[in-house]
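In: based on what follows, work out the 3D shape:
(2 chains)
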Amino acid sequence: AQSVTQLGSHVSVSEGALVLLRCNYSSSVPPYLFWYVQYPNQGLQLLLKYTSAATLVKGINGFEAEFKKSETSFHLTKPSAHMSDAAEYFCAVSLESSASKIIFGSGTRLSIRP
Amino acid sequence: GAVVSQHPSWVICKSGTSVKIECRSLDFQATTMFWYRQFPKQSLMLMATSNEGSKATYEQGVEKDKFLINHASLTLSTLTVTSAHPEDSSFYICSALVEGVTYNEQFFGPGTRLTVL
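Out: Presented below is the predicted three-dimensional model:
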């Protein structure tokens, strides 16, 4: 069965520092992978997605993620954190191009220190 | 882009009453919509898949008689929590499926916070 593991329920970085949020997946077939951001009391916004094209995926707000099949990872990075990046981030996996079944990770709360 | 709205954004109700939550696709038609539930500081859990013109498909452990889903049009799905109890208090999020050429994508609504007293 497919699953997603996000390492670290809470990550805190200084403003301007590198952001690294870790995500590992388990899948028997090539997956479709996503990162979503959720601000307090709001729905999910898609940051970026991997759909078997380029392994380095660039998303909105300066985020990017690299699909590494050998490591079964899809870590999210941003070179320089901004205060507005403080939010909850979810990694997710879908095994189907139909996107009818998306499995979400447990989430990582990102805090930014001034 | 594809915009999904939910109404209301928050609702407080008394135990035993029923509450209806609407999910609308504003600028596209959605044959398929999804309903998720999110408890505080937890991830989203899929409750059911809503298909226009047919019965919803519920995930294991979700009571279909308690969480009534109606997808009567291509732009509207509703979730009714019947005889709500405090344990039903949660954040409910819907999404609508946009069908692409090579890949489909879910677009999420802003969520509805339900508090049952």
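
In: and residue 78, what does it touch?
Out: No chain was given, so I picked chain A. Counting by CB atoms under 8 Å, 6 or more residues apart in numbering or on different chains, residue A:78 makes contact with A:18-19, A:61-64, A:85. Quick note: C-beta positions are derived from backbone N, CA and C, even for glycine.

In: try chain B instead
Out: B:20-23, B:69-72.

In: what parts of chain B come near chain A?
Out: Within chain B, the positions adjacent to chain A are B:4, B:6, B:32, B:41-46, B:49, B:91, B:93, B:95, B:97, B:102-111, B:113 by CB under 8 Å from any CB of the partner chain.

In: so which of those residues belong to strands?
Out: Assigned to strands by DSSP state E, the following of those qualify: B:4, B:6, B:32, B:44-46, B:49, B:91, B:93, B:95, B:97, B:105-108, B:113.

In: nearest to residue A:90, of those residues?
Out: Nearest to residue A:90 out of those is residue B:44 (CB to CB; 7.3 Å).

In: grab the most central residue of chain B for me.
Out: residue B:35 (3.4 Å; CA atoms, centre = their mean).

In: and the closest residue to that residue other than its chain neighbours, how far from chain A?
Out: Excluding its sequence neighbours, the residue lying closest to residue B:35 (CB to CB, 6 or more residues apart in numbering or on different chains) is residue B:47, at 4.6 Å. Applying CB to the nearest CB, to the nearest Å, the value for residue B:47 to chain A is 13 Å.

In: drop anything exposed from the ones in strands among the residues of chain B next to chain A.
Out: With burial judged by 16 or more other CB atoms under 10 Å in any protein chain shown, the buried subset of these is B:4, B:6, B:32, B:44-46, B:49, B:91, B:93, B:95, B:97, B:105-108.

In: quick one: find the helix or strand in chain B with the lowest mean pLDDT.
Out: strand B:105-108 (a mean of 90; mean pLDDT, DSSP states H and E).
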